[in-house]
Every structure is written in C-alpha cells, then in structure tokens.
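[1] return a 3D structure for these sequence lines:
(one chain, ligands or ions: 1)
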Amino acid sequence: MTEELFREDAALAECGARVVAVDGHGVRLDRTVFYPQGGGQAGDRGELVLADGGTIPVADTRKGEAPGEIVHVLADPADAARLAPGTAVRARIDVARRRAHMRFHTATHLLCALVPHPVDGCSITADYARLDFHMTDPLDKAALEAGLARLVAEAHPVSHRWISDAELDANPGLVRSMSVQPPRGTGRVRLLEIAGVDLQPCGGTHVANTAEIGAVVVRKIEKKSARTRRVVLAFRD
Ligand SMILES: [Zn+2]
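    This next block holds a predicted model:
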C-alpha cells in the first residue's frame, strides 16, 4: 500500500519518498502526492527528483493491480534503470495541471448540486470537465452558468471526512453517482462536503473553498443519448 498523502492534503506539491518497486510499468513509492487516475479525474504528471538533483519525468499516475497500489508511469521507461528499491526521491507533481484538476473537480460537485439527477459519467482534465447526467429534461446553459457563478462567489468551504462502510450503508442517499461507486474494502469511505451545497463520497482532489474555482463557463450541453445530458465546463480565463 502506498501512503496517499493527497487524500488528506490536496495542496501538497511534493514529498520525500522511497522506491518500493520499479519495473517496466512504472515506479511504486512508499508514499506519494501523485493522484492516480480514478473517479473521473486524470492522473498526475510530474517528476521524481534524485539525491544528485537529477530528475525523472512522470507522464501519468495509475492505480496498480493490488488495492491501494499507485504506479508512477515514467515518460521514458529507460529511466527505470536509474531507480532501485530503497532509492530516496522527492516526488513532485505538475502543480499547475493539478490545480486545474482541483478547480474543475470541485466545480463538478457544484454542478451536481445544481442538477439533481444521477451522474452516469465523469471526466476531469486540465482543459475541461464533463459530467453526464441520467435525465431527459433539457438543461439551460445560462441558468447553469449563473448558478455556478453564484456558488463560487458565495465562497463555500470544502472539506472531507472519513466514515465507516457501515455508516455509508445506513445512508444510501449519500451515493449520488451511478458510475463511480465509493471505494469499498478498506472499511472506510471518504466523504467530500461543500458546506450547505453538496455531500457525497469522493476520493478526488479539490480546492479548499469554492471561491478558488474562479470563473467557469458551460462550454456545451449535449443530448448524448435519450436519457443522458452531457455538460462540459471550461475556465473563462
Ligand atoms: Zn470530488
């Protein structure tokens, strides 16, 4: 199991770590600030900094085969030869890219609060965020943009807490998403709360206050299928 520092503090840009294993697929560390692709959110990029100051670019981060395993995918697989189990590194993410993920990810929670229908698809990248809602009614672009702008301007604090699987089972209404089920098996679930706005299980990275999202526009609304409405968000800047 990799210690997942990003779960407790999404603002961490880097950490010291040791290589646990390295192979053609990538590098496993004992602890990391790199978020592995999941829950619709893209995996982090960045670099591993060696003791001599040399850097090894990380192109992506994925979940490994074993539960709790995080694989840092090297941009150049040949760099694996520069690492060995026990090697000390500094793991440093691409902060600008992650920051975009955090702003978009938090914005998708606001969108969930504005559109009270189940989510059946989600993709969060540095360039856009899209959510697919299981619904048949049309959506109004201007109304959604105004709603997002209001929730950003209201500067709601964003926080997380952990509850047990048993507590979650006792509150099935917490599960808003049809495609992204809360992670099970570790005995606990991470709840993400935007005070007074949204509460749902989520393991992703978010900003600490909705004001940090900034200006968001609805780039498009599509009727993806008879029962799916797709909303694509972008930053105004
Ligand atoms: Zn989230």
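
[2] alpha carbons only for contacts and neighbour counts from here, please
    Fine.

[3] for this structure, which helix or strand comes out least confident on mean pLDDT?
    Each helix and strand of the chain was given a mean pLDDT (mean pLDDT, DSSP states H and E); the minimum falls on helix 165-169 at a mean of 82.

[4] what comes up buried for that one?
    D165, L168 (16 or more other Cα atoms under 10 Å).

[5] following element in sequence after it, please.
    strand 188-194 (DSSP states H and E).

[6] chain center to that next one: distance?
    13 Å (Cα atoms, centre = their mean, to the nearest Å).

[7] then whatever helix or strand comes next after that strand to PDB, C-alphas only?
    Beyond strand 188-194 in the direction of the C-terminus, DSSP H and E gives the next helix or strand as strand 198-201. These are the backbone C-alpha positions of strand 198-201, laid out as PDB (Å, rounded to 0.1, in the frame of the first residue of the first chain):
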ATOM      1  CA  ASP A 198     -23.100  19.100  -1.700                       C
ATOM      2  CA  LEU A 199     -22.100  16.000   0.200                       C
ATOM      3  CA  GLN A 200     -21.000  12.700  -1.500                       C
ATOM      4  CA  PRO A 201     -18.400  10.000  -1.300                       C
END
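
[8] check which helices and strands strand 198-201 is in contact with.
    For strand 198-201, the elements it packs on are helix 95-114, strand 188-194, judged by 3 or more Cα pairs under 8 Å, 6 or more residues apart in numbering; DSSP states H and E.

[9] how about a cut-off of 6 Å?
    For strand 198-201, the packing partners by 3 or more Cα pairs under 6 Å, 6 or more residues apart in numbering; DSSP states H and E come out as strand 188-194.

[10] please identify the buried residues of the strand it packs on?
    R188, V189, R190, L191, L192, E193, I194.

[11] distance check, the spatially most central residue of the chain against V27.
    Nearest to the mean C-alpha position of the chain, by Cα atoms, centre = their mean, lies G204 at 3.3 Å. Distance of G204 to V27, given as Cα to Cα, to the nearest Å: 21 Å.

[12] any stretches of the chain with poor pLDDT?
    Counting by pLDDT under 70, the chain has low-confidence residues at 173-184.

[13] show me where it has its helices.
    For the chain, applying DSSP state H gives helices covering 5-8, 95-114, 141-153, 165-169.

[14] between those helices, which one is closest to the ion.
    Closest approach to the ion among those (Cα to the ion): helix 95-114, 5.7 Å.

[15] starting at the chain centroid, how far to the closest one?
    In this view, helix 95-114 has its centroid 8 Å away from the chain centroid, taken as Cα atoms, centre = their mean.

[16] relative to strand 188-194, how tilted is it?
    80 degrees (axes from the mean of the first three to the mean of the last three Cα atoms, to 10 degrees).

[17] quick check, helix 95-114 touching the ion?
    No - legend: contact between helix 95-114 and the ion by Cα under 5 Å from the ion is lacking; minimum distance shown is 5.7 Å.

[18] which residues sit against that helix?
    Contact with helix 95-114 is made by T125, A126, A129, D198, T205, H206, V207, I213, as judged by Cα atoms under 6 Å, 6 or more residues apart in numbering.

[19] can you give me the offset of stretch 14-28 from its chain's centre?
    Its chain's C-alpha centre and that of stretch 14-28 lie 20 Å apart, by Cα atoms, centre = their mean.

[20] identify the residues contacting it?
    The contact list for stretch 14-28, computed with Cα under 6 Å, 6+ apart, reads 29-31, 71-74, 85-92.

[21] alright, I will stop here.
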